[in-house]
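Build me a model:
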Amino acid sequence: MQWRYIENNWHTFQPIIRQRWTEVSDLQLEEVAGRRKYFSKLIEGIYGVSHFQAEHQLTEWQDSVISIDGQFYINQ
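I've put the predicted structure just below:
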């Protein structure tokens, strides 16, 4: 799934994102507002990972999100 779609539907994805990154608060997700670079930096800071690791996490998660009948799921 392309990030632009996630960005444009950020509120829909927030509960799914919270399942993956449990330390990120609702307020922080609101501030991110779908901006990938901002979210990547937030993951770096909260989880103490490198930029490369944060980007890898985001890409892996992004590739796992699928839509079925307008509902979004994580492809396990």
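
For the most centrally placed residue in the chain, list the residues it contacts.
In the chain, the C-alpha nearest the mean C-alpha coordinate belongs to I17, at 4.8 Å (C-alpha atoms, centre = their mean). I17 makes contact with 24, 29, 61 under the criterion C-beta atoms under 8 Å, 6 or more residues apart in numbering. (Each C-beta comes from the backbone N, C-alpha and C, glycine too.)

Those in helices, which ones?
With helices taken from DSSP state H, the overlap with the contacts of I17 comprises 29, 61.

Just among the contacts of I17, which is most surrounded?
Within those, neighbour counts (other C-beta atoms under 10 Å) peak at L29, which reaches 20 neighbours.

Now that one: closest residue in space that isn't a chain neighbour?
Q14 (5.0 Å; C-beta to C-beta, 6 or more residues apart in numbering).

ditto for R35
With sequence-adjacent residues excluded and distances taken as C-beta to C-beta, 6+ apart, R35 is closest to E7, at 7.1 Å.

What's the local residue count around the one you found?
Neighbourhood size, E7 [other C-beta under 10 Å]: 15.
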